[in-house]
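Enquirer: A predicted structure for the sequence below; I have some questions about it.
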Amino acid sequence: MTITAIVSHDIKDWDIFREGFEAHDSVRTAVGITAKAYKKVDSSNTVYVIGEIPSKEVFDEFFSDPDFHKHMEDIGVILPVDVTVLEEI
């Protein structure tokens, strides 16, 4: 069952984040994840990534990958990251 994930976090720099997020698209696509990044209108340092993922298992595997965490660090993601995983009812 397809799930939706909303991941929110602060970033150090919007341009660096956006470039890194776009460069990582092929990695997401390879496992069936589609995602878009949004920023708050009143704060360029708060980002929301909303994605569609084939399953909770795919999300868990992707999000726990050490390479993914290194990528997040490289593009300026500031921890902690807030994650909400939703399923359609």
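Expert: Done, it's in.

Enquirer: Now do the strands in this protein.
Expert: With strands called from DSSP state E, the chain shows them at 3-11, 34-40, 43-53, 77-87.

Enquirer: Redo those strands as CSV? Include mean pLDDT.
Expert: Below are those laid out as CSV (pLDDT from 0 to 100):
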stretch, mean pLDDT
strand 3-11, 97
strand 34-40, 94
strand 43-53, 93
strand 77-87, 96
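
Enquirer: R28 is nearest to which of those strands?
Expert: strand 34-40 (5.8 Å; CB to CB). The C-beta positions use only the backbone N, C-alpha and C, and glycine is treated the same way.

Enquirer: Just give me how far the closest one sits from the chain centre.
Expert: 8 Å (CA atoms, centre = their mean, to the nearest Å).

Enquirer: Flag every buried residue along it.
Expert: Across strand 34-40, burial judged by 16 or more other CB atoms under 10 Å covers A35, A37.

Enquirer: could the strands of the chain be laid out in TSV, adding distance to K70?
Expert: As requested, those are arranged in TSV below (distance: least, CB to CB, whole Å):
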stretch	distance to K70
strand 3-11	15
strand 34-40	18
strand 43-53	17
strand 77-87	11
